[in-house]
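> Next input, structure requested:
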Amino acid sequence: MKLRSLVAFILCLLPAVLPAQNLDFNAVRSAEQLRRGVQAFHRGFYSDSIVSFEKAISYKPSNAFAQNWLGRTLWKSGFEQEALRTWSQLEASGAGDSLLRGWINVVGLRRGLGREIDNNAKWVVSSELDGSLKGGYTFRRPTSVRPRSDGSFWVVAFGSNEVLRFDADFKLLAALRGGLAGFDHPYDLQEAPDGTLFVSEYGANRIAKCTPTGDTITTFGARGRGDGMLLGPQYLALDGKGYLWVTDWGNARVVRYDLDGRFIQSISGIEGPTGIAVREDRLYVSEKSAKQILVYDLSGNRVGTLGDGTLTGPEGMTFTPDGMLLVADANGIMQCDVEKEIWTTLGDMSGHTKRLVQQAATANGQILGVDFDQSRIVLLSDTTSLYAGLFVHVDRINSTKFPEVYADVSVETRLGRPIVGLGINNFIVTENHFSVGQTVMSLTGTDMKSVGVSLVVERSPEFESRLSDARQAVADLYDLASQTGRISAISAGETPQKVADFGQTRLRFIANALQGSPSSRWKLSAAVRMAGDDLLTSVAGAKRAVVFFTTGAVNASAFTPYSLTELAAFLRNNAIAFYPVVFGSKGAGEELSYLASESGGRSFNVFEPGGMRDVAREMTARVVPTYTIRYTSPTPPQFGDAYIPFEVEVTVQKISGRDESGYYAPAAP
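This is a model prediction of the structure:
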């Protein structure tokens with residue numbers, strides 16, 4: 001007889017040998033339902049988990065542990081209003097703590113006007129990388145900083161003739177010096193999508209094209225005033241169309257090359273060109289002497305100016321991911337909404353820097369500034385993030401190989417921006433508040449190359465006329481998804497159903513993916529929720545995405561039984577991106593665009609030149625906030641019946657956050 005069956009048998013006999021008041025059977029039943037709920041949660045079966053936690057509470061209404069877990073599971077399921085109500089009741093009962101209050105604040109903020117409020121953030125210096133500080137890596141006279149999507153950043157050190165890469169904790173990762181010839185007073189750097197580096201060399205009057213490891217491939221430009229020649233090149237910009245732009249200070253112009261170094265054109269007559277930046281089809285050049293920003297189209301035609309009467313000495317410029325132009329102006333950082341031509345002072349750095357020459361937004365939503373005279377890089381954070389900290393949540397704990405444990409931990413800003421570039425030293429993991437010993441970073445969101453995809457197909461009568469195009473798109477998506485992960489398919493009919501499971505052969509998948517009876521009462525939310533549940537229970541160690549083949553419009557029953565906001569929250573809270581692919585010329589409707597935006601995806605048209613390849617590229621490039629930590633548990637398993645508390649604290653650059661969870665070891669055989 002198995003141990004668990006034996007325990008149950010003994011419990012049945014206990015009433016006959018012990019007074020009833022000495023054994024709380026409801027507490028025993030509540031604890032068993034809690035165990036089932038926690039185990040279901042960590043396997044991604046949220047509906048089963050909710051049922052178990054509700055039963056645990058019904059057996060023991062004072063079970064605050066089960067109430068907290070119920071709130072977490074409701075949040076994961078997209079039922080944020082119900083989660084907040086559950087937590088608020090727990091808080092009102094006196095069983096809440098600072099961690100619970102933090103969850104209430106963050107979830108409430110994300111449901112409200114948090115993003116609009118955040119635009120008024122106040123920025124302060126929170127950390128600095130001092131190139132003259134003893135004990136660290138010394139560098140002199142930096143002129144440029146270029147953040148990378150993985151949280152690291154490049155620093156171009158003009159005075160010490162090197163290009164450096166640091167991680168998010170300011171740890172040196174690489175030092176490039178230009179190979180045997182060496183860099184001659186490098187000024188700026190641009191990194192192409194394939195990793196190729198372009199470095200402007202002020203002293204040598206040229207541009208160096210380098211490998212990702214810093215070895216020079218070729219150089220172009222030479223000292224002089226002729227076409228393609230340079231006198232003191234400074235800042236660089238890549239326009240995304242295969243061209244490199246450089247501000248040619250000594251010749252009072254901007255020069256354009258192709259990526260092989262061939263001269264294309266120059267724009268002359270600029271008084272003191274310093275910074276340069278490209279956004280969509282516009283080129284922006286800071287004209288320091290005239291105290292303004294010149295605006296050109298990408299053919300070199302001047303189309304306007306910015307900052308006249310506002311700026312005092314603009315130099316380096318960069319764009320933030322949301323399209324705001326950042327300008328180093330004297331010792332201040334100015335921000336411009338280029339569409340509305342509205343200027344804002346983000347920070348007065350006069351008390352911290354002697355000469356601020358450039359700045360850029362990091363992947364984690366902070367700002368790096370370059371202090372040329374004091375050989376320093378300063379990190380600016382908005383004051384709210386410093387006080388509110390990071391939003392850390394434990395998504396899943398896998399204990400099937402106990403005592404080896406794997407924990408998936410998400411780290412975000414309070415508004416949901418993924419925090420990237422963290423290492424194992426940024427995490428402190430404990431069980432029952434005691435150290436677990438050595439921990440290993442098994443996987444990070446930026447390292448994830450695999451993508452689990454669930455294809456949802458609209459089964460409306462209107463989509464029937466698109467089936468021939470859809471068959472080819474299904475084949476293309478299968479081929480692309482199979483290169484980096486796995487794919488399943490859901491039919492979004494009146495009763496959504498899975499029509500192709502993960503691991504099916506190509507021919508069988510293509511044949512099955514478009515099955516299902518068309519109906520004017522097809523249901524989007526039920527199908528997408530089914531797809532999401534499928535990804536959560538079947539895909540681990542990979543990014544998750546739902547691709548939706550659609551006409552672009554939704555019907556009256558689309559958001560039954562899950563509302564639009566509930567579906568968006570479910571996708572967002574589980575890091576599942578939504579990609580509507582429209583078959584037609586109308587584009588995605590507001591509801592589909594909203595789901596894509598909220599989940600980190602975006603809309604596509606199947607007839608665009610890139611087709612499904614663009615969709616696959618977007619899915620692979622998406623940044624997710626997940627870190628997988630592996631360690632050996634020091635806690636006794638106690639036959640799988642004891643709840644093992646798990647705690648994690650994350651700290652990066654003076655900003656921290658924490659979360660608590662728990663799990664059960666596997667049951668004894």
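
> can we go C-alpha only for contacts and neighbour counts from here?
Fine.

> Show me the contact partners of stretch 283-299.
Counting by CA atoms under 8 Å, 6 or more residues apart in numbering, stretch 283-299 makes contact with 247, 270-278, 281-282, 302-317, all of which sit outside it.

> Correction: the previous question concerned stretch 388-401.
Defining contact as CA under 8 Å, 6+ apart, one finds that stretch 388-401 is touched by 41-43, 106, 405-414, 416, 650, 655-666.

> Can you give the distance of that stretch from its chain's centre?
Its chain's C-alpha centre and that of stretch 388-401 lie 16 Å apart, by CA atoms, centre = their mean, to the nearest Å.

> just stretch 608-627 next, same as before
Chain-centre distance of stretch 608-627: 13 Å, with CA atoms, centre = their mean.

> re earlier: among the contacts of stretch 388-401, which lie within strands?
Per DSSP state E, strands hold the following members of those: 405-412, 650, 655-664.

> mind checking how far the closest residue to L306 other than its chain neighbours is from G369?
Closest residue in space to L306, ignoring its immediate chain neighbours: I293 at 4.9 Å, by CA to CA, 6 or more residues apart in numbering. Here I293 is placed at a distance of 19 Å from G369 (CA to CA, to the nearest Å).

> now do V606
Counting by CA to CA, the gap from V606 to G369 is 41 Å.

> same thing with L99?
In this view, L99 and G369 are 33 Å apart by CA to CA.

> So for the two, which residue has more residues nearby?
Higher neighbour count among L99 and G369: G369, with 26 against 13, using other CA atoms under 10 Å.

> What is the burial count for the residue nearest to L306?
Per other CA under 10 Å, the neighbour tally for I293 reads 25.

> beta partners for it?
Per DSSP bridges, the residues bridged to I293 are S286, L306.

> could you pull out the helices for the stretch 101-250 of the chain?
Counting by DSSP state H, counting those that start in this stretch, the stretch 101-250 of the chain has helices at residues 114-118.

> can you map out the strands along the stretch 451-600 of the chain?
Remark: strands assigned in the stretch 451-600 of the chain by DSSP state E, counting those that start in this stretch are 451-458, 485-492, 497-500, 543-550, 576-582.

> Deepest-packed of the ones you listed, please.
strand 451-458 (a mean of 28; mean count of other CA atoms under 10 Å).

> Am I right that Y387 falls within a strand?
No - per DSSP: H, G, I helix; E, B strand; the rest coil, Y387 lies outside any strand segment and is helix.

> Excluding chain neighbours, give the residue nearest to L129 in space.
Closest to L129 by CA to CA, 6+ apart is I377, at 4.9 Å.

> Pretty sure F607 sits against V581.
No - in this structure, F607 is not within contact of V581 by CA atoms under 8 Å, at 9.5 Å.

> Against R396, how distant is D501?
Using CA to CA, we find D501 at a distance of 23 Å from R396.

> Same question for A577.
The spacing between A577 and R396, counted by CA to CA, is 18 Å.

> and what of G552?
Remark: distance between G552 and R396 (CA to CA) = 34 Å.

> do the same with T318
Per CA to CA, T318 is found 38 Å from R396.

> more crowded one of those two?
T318 (24 against 21).

> secondary structure element for the more buried one?
Secondary structure from DSSP states H and E places T318 in strand 314-319.

> Does the helix or strand that comes right after that strand pack against any helices or strands, and if so which?
Per DSSP H and E, strand 314-319 leads on to strand 324-329 as the next helix or strand towards the C-terminus. Where contact means 3 or more CA pairs under 8 Å, 6 or more residues apart in numbering; DSSP states H and E, strand 324-329 is packed against strand 314-319, strand 332-337, strand 356-361.

> what's the first one in contact with?
Residues from elsewhere that reach strand 314-319 (CA under 8 Å, 6+ apart): 144, 235, 274-279, 286-288, 291-293, 325-330, 357-361.

> Kindly calculate the angle that that strand makes with strand 356-361.
Relative orientation of strand 314-319 and strand 356-361, computed by axes from the mean of the first three to the mean of the last three CA atoms, to 10 degrees: 10 degrees.

> need the helices for the stretch 451-600 of the chain, in chain order.
Ranges of helices within the stretch 451-600 of the chain are 467-484, 506-513, 524-538, 564-573, 590-599, based on DSSP H, counting those that start in this stretch.

> and N555, how many neighbours?
Quick note: N555 (other CA under 10 Å) scores 12 neighbours.

> R521 is in contact with that one, correct?
Yes - between N555 and R521 there is a contact under CA under 8 Å: 7.3 Å.

> With respect to V156, which of the strands of the stretch 451-600 of the chain lies nearest?
Nearest to V156, of all those, is strand 543-550, at 33.3 Å by CA to CA.

> what's that closest one packed up against?
Taking 3+ CA pairs under 8 Å, 6+ apart as contact, the helices and strands that strand 543-550 lies on are strand 451-458, helix 524-538, strand 576-582, helix 611-621.

> Let me know the pLDDT of the nearest residue to V411 once chain neighbours are set aside.
Using CA to CA, 6+ apart and skipping residues adjacent in sequence, the residue nearest V411 is V392, 4.7 Å away. V392 carries a pLDDT score of 98 in this model.

> For V392, the count of nearby residues, please.
When neighbours are counted by other CA under 10 Å, V392 registers 24.

> looking at this, it is in a strand?
Yes - membership of V392 in a strand is supported by three-state DSSP.

> Quick check: the gap between the closest residue to F427 other than its chain neighbours and A56.
Excluding the flanking residues, the one nearest F427 by CA to CA, 6+ apart is V650, at 4.7 Å. Separation of V650 from A56 (CA to CA): 31 Å.

> Name the residue in these two with the higher neighbour count.
A56 (29 against 22).

> Pretty sure the more buried one sits against N63.
Yes - counting by CA under 8 Å, A56 does reach N63; the two are 7.4 Å apart.

> joint contacts of those two?
Shared contacts of A56 and N63 (CA under 8 Å, 6+ apart): S30.

> Quick one: closest of the strands of the stretch 451-600 of the chain to D150.
For D150, the closest of the strands of the stretch 451-600 of the chain is strand 543-550, at 15.5 Å, according to CA to CA.

> Name the residues that touch that closest one?
445, 448-458, 463, 470, 528, 531-532, 535, 575-583, 619-620, 624.

> Would you mind measuring from S93 to F604?
Distance from S93 to F604, by CA to CA: 48 Å.

> Which one's more surrounded, these two?
Counted by other CA under 10 Å, S93 and F604 do not tie: F604 has more neighbours, with 21 against 11.

> Verify the stated contact: that one with R617.
No - between F604 and R617 there is no contact under CA under 8 Å: 12.0 Å.

> Then V303 would be within a strand, right?
Yes - according to three-state DSSP, V303 belongs to a strand.

> what about it, neighbour count?
As a burial measure, V303 scores 11 neighbours (other CA under 10 Å).
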